[in-house]
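>>> quick one, structure for this:
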Amino acid sequence: MTDPSGLALLERLVGFDTESTRSNLDLVSSVAAYLDEIGVPFLQVSNRDGTKAALFATVGPSDRGGVVLSGHTDCVPVTGQSWTADPFRLRVAEGRAIGRGTVDMKGFDALALAALAKGKAASLKTPIHVLLSYDEEINCLGSTDVIRRFGHDLPMPVAAIVGEPTSLAVVDAHKSVGTFMTRIHGTEAHSSMPQIGGSAVMAGGDLVAELNRLADEMEGRGDPSGRFRPPYTTIHVGIVTGGTARNILAKDCLISWEFRGLPDLDPNEIPDRFAIAVERVLRERLNRHGDFGRIETEWEILVPGLKPDPGSRAERLAFDLTGRTTTGTAPFGTEAGHFQAAGIPTVVCGPGSIDQAHQPDEYITLDAFAEGGVFLDRLIARCAAE
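Prediction:
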């Protein structure tokens with residue numbers, strides 16, 4: 001049974017609790033049943049332990065690449081938020097569709113799935129693909145197993161539209177995100193005898209100071225494009241823990257930190273320079289009186305930035321579909337950089353506002369949802385014509 005507006009599909013998708021710590025397989029199974037019902041071929045690509053899966057579906061010719069509509073199925077937690085009703089049951093009230101993930105980004109997912117049914121009946125000349133991913137909210141890696149198959153056993157797409165909520169503004173650039181966990185292992189001793197041990201916390205203080213110095217340098221470099229807010233690469237320390245008592249040299253210290261880099265930043269620059277600082281702190285602080293400790297840094301996540309690609313096929317297509325003539329930037333990371341790194345022209349463009357994402361009583365307005373439907377109807381017409 002088709003759902004031209006996509007609202008019934010949105011209700012179905014919101015009904016699954018797909019917080020990033022949970023499996024999305026029930027949602028994927030429900031979408032697979034829908035695709036079977038409308039006769040659209042698809043494949044599922046599971047993660048390593050089989051607890052989550054991405055889904056890739058296509059309408060139109062199977063011998064060529066088309067336009068990818070990319071959306072994630074996971075959502076952020078509701079714990080601790082003051083929802084006025086069940087977050088996993090769609091409510092429509094006062095011109096809003098309310099529920100976890102409605103704007104970020106099950107609303108776009110529902111519209112894309114509805115577009116598959118419409119596209120099937122439209123005799124498309126250019127295919128439309130829908131890629132539903134997982135884990136976007138934690139590492140943006142849930143789409144990559146499918147992306148790696150493009151140009152191999154899957155046709156290489158001609159363009160990708162990542163439907164994050166931009167109020168249908170055409171976004172052609174966003175920062176990269178790198179997150180790190182630095183663990184410092186020292187040797188305990190009485191605080192009156194610092195020469196017979198090594199304090200992990202004291203070494204950690206030096207490393208935090210180095211991250212502050214690097215952050216100041218990045219701010220000083222600024223953003224030559226003048227397009228980002230704030231207009232520079234940022235470095236931030238979010239968590240520092242360690243030690244057991246004031247008068248004991250700390251055995252352990254943990255530093256959780258990140259950078260958010262301008263698109264032209266070499267993602268290795270900051271971790272490489274931090275590694276040089278680690279060697280200095282080991283030599284001059286932690287092990288200055290003996291072999292008392294070690295420092296390990298784990299690079300947890302790298303979300304690649306999206307670089308401007310003026311005049312790309314994705315940009316021209318999005319301009320045609322939205323009527324816009326200028327591009328913007330996004331303050332958040334997306335999966336778009338993975339598509340671009342694979343050689344696929346990519347923009348971020350979707351219905352609804354990011355201001356409503358991650359909030360209690362998250363919503364997408366019915367007007368924005370309808371505008372998203374018109375956007376994809378225009379894509380179907382375009383793909384039927386050429």
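>>> centre of the chain to stretch 75-90, how far?
A distance of 20 Å separates the centroid of the chain from that of stretch 75-90, by Cα atoms, centre = their mean, to the nearest Å.
>>> now do the same end-to-end measure for it.
End-to-end distance for stretch 75-90, by Cα to Cα, to the nearest Å: 14 Å.
>>> give the buried residues for it.
75-76, 78, 87-88, 90 (16 or more other Cβ atoms under 10 Å). No exception for glycine: its C-beta is placed from N, CA and C like everyone else's.
>>> which two of those have the greatest separation?
76 and 90 (17.1 Å; Cβ to Cβ).
>>> what residues of stretch 126-144 count as buried?
Buried positions in stretch 126-144, judged by neighbour count with 16+ other Cβ under 10 Å: 126-137, 139-144.
>>> give the rounded mean pLDDT of it.
Averaged across stretch 126-144, the pLDDT comes to 97.
>>> same thing with stretch 256-269?
The average pLDDT within stretch 256-269 is 97.
>>> longest helix in the protein, by residue count?
Identified as the longest helix of the chain according to DSSP state H is helix 200-221.
>>> low-confidence ranges in the chain?
For the chain, applying pLDDT under 70 flags the ranges 1-2.
>>> can I get stretch 195-205 in CSV, CA atoms only?
The C-alpha coordinates for stretch 195-205 follow below in CSV (Å, rounded to 0.1, in the frame of the first residue of the first chain):
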residue,chain,number,x,y,z
GLN,A,195,60.9,11.9,42.6
ILE,A,196,60.0,8.3,43.2
GLY,A,197,56.9,8.2,41.0
GLY,A,198,55.1,9.9,38.1
SER,A,199,51.8,11.7,38.3
ALA,A,200,49.4,11.0,35.5
VAL,A,201,47.3,14.1,36.4
MET,A,202,50.3,16.4,36.4
ALA,A,203,51.2,15.1,32.9
GLY,A,204,47.6,15.4,31.9
GLY,A,205,47.7,19.1,32.9
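>>> hmm, back to that, and the longest helix of the chain, what does it pack against?
Helices and strands touching helix 200-221, as assessed by 3 or more Cβ pairs under 8 Å, 6 or more residues apart in numbering; DSSP states H and E, comprise strand 176-185, strand 234-242, strand 252-261, helix 269-281.
>>> these: which one's closest to residue 294?
Comparing the helices and strands packed on helix 200-221 by Cβ to Cβ, strand 176-185 comes nearest, at 5.1 Å.
>>> need the contact partners of the closest one.
With contacts defined as Cβ atoms under 8 Å, 6 or more residues apart in numbering, strand 176-185 is touched by 200-201, 203-204, 207, 242, 251-261, 263, 265, 267, 270-271, 274, 278, 286, 293-305, 333, 337.
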